[in-house]
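A.B. asks: Let's see this in three dimensions:
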Amino acid sequence: MAIDGAVVVTVLRHGVCEGRNHVFRGVTDDPLSAEGWAQMRAVRLGAFESVTTSPLQRCAAFATEFAAQRGLPLQVEAGFRERDFGAWEGLTADEVATRFPTHGDPRQNPYDNAPEGGEAYPLFRARVETVWALFSAQLSPGSHLLVAHAGIMRALLVHLLGLPAENLYRLNLPNAGHFTVSLLAGHAPVLLALNGHA
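C.D. replies: Okay, here's the model as predicted:
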């Protein structure tokens, strides 16, 4: 759905990675698995004027291929890397709760529950909102693709739609899931689609 004069951004999550699934994979730079590549290539994507990606290879490899195939400019933006989960990296939520009992379920109270050696959620969210403001301000009207991570997507949806932060993990963002948002000067952002559905 196009809106005259609007910047329309589709934010696409990477596919399944090599290694364990359903873990906190933040700055760990695992590549896409064969299944992950198949998921990404199967997503039905429209026409875009530009592609931007996280620098982590699970995003950047597909974004590079996609931009090259379509002859689109590609920008790598370090600010769209996933949250650094520190001591939680590579662990499931249940494993975090077992190994770090003072944290409990890491999906609860994200603002107050920070991993040792990692990025506290308020700092992560501030980083995402800052880079989004800079990124979106330089986009021309039309459609643009951003390839990123579930954490980035949740932070953006909370920010753009004014959702309560405690509902972060109530947003279903599967591998190769995506949302599309319309940005029009003087108007609140409008969510056009989530996981390909209006």
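
A.B. asks: Of all residues in the protein, which one is nearest the centre?
C.D. replies: Nearest residue to the geometric centre of the chain (CA atoms, centre = their mean): His149, 3.0 Å.

A.B. asks: show me what contacts that one?
C.D. replies: Contacts for His149 (CB atoms under 8 Å, 6 or more residues apart in numbering) come out as 13-14, 54, 56, 59, 80-83. Glycine gets a C-beta too; all of them are placed from N, C-alpha and C.

A.B. asks: So which of these are in strands?
C.D. replies: Among those, the residues falling in strands (DSSP state E) are Arg13.

A.B. asks: What is the nearest of the contacts of His149 to His178?
C.D. replies: Nearest to His178 out of the contacts of His149 is Arg13 (CB to CB; 6.5 Å).

A.B. asks: Is it correct that the closest one is in contact with Asn172?
C.D. replies: No. Using CB atoms under 8 Å, Arg13 is not in contact with Asn172; the gap is 10.8 Å.

A.B. asks: the more surrounded of these two?
C.D. replies: Arg13 (24 against 9; other CB atoms under 10 Å).

A.B. asks: gap between the more buried one and Ser54?
C.D. replies: Distance of Arg13 to Ser54, computed by CB to CB, to the nearest Å: 10 Å.

A.B. asks: Overlap in contacts, these two.
C.D. replies: Both Arg13 and Ser54 are in contact with 148-149, where contact means CB under 8 Å, 6+ apart.

A.B. asks: Convert the helix or strand bottoming out on mean pLDDT in the chain to CSV, retaining C-alpha atoms only.
C.D. replies: None of the helices or strands of the chain scores lower by mean pLDDT, DSSP states H and E than helix 93-99, at a mean of 91. What follows is helix 93-99 as a C-alpha-only set of coordinates in CSV (Å, rounded to 0.1, in the frame of the first residue of the first chain):
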residue,chain,number,x,y,z
ALA,A,93,15.4,-18.2,28.3
ASP,A,94,15.1,-21.2,30.5
GLU,A,95,18.9,-21.6,30.7
VAL,A,96,19.3,-18.0,31.6
ALA,A,97,16.7,-18.4,34.4
THR,A,98,18.6,-21.5,35.7
ARG,A,99,22.2,-20.1,35.5
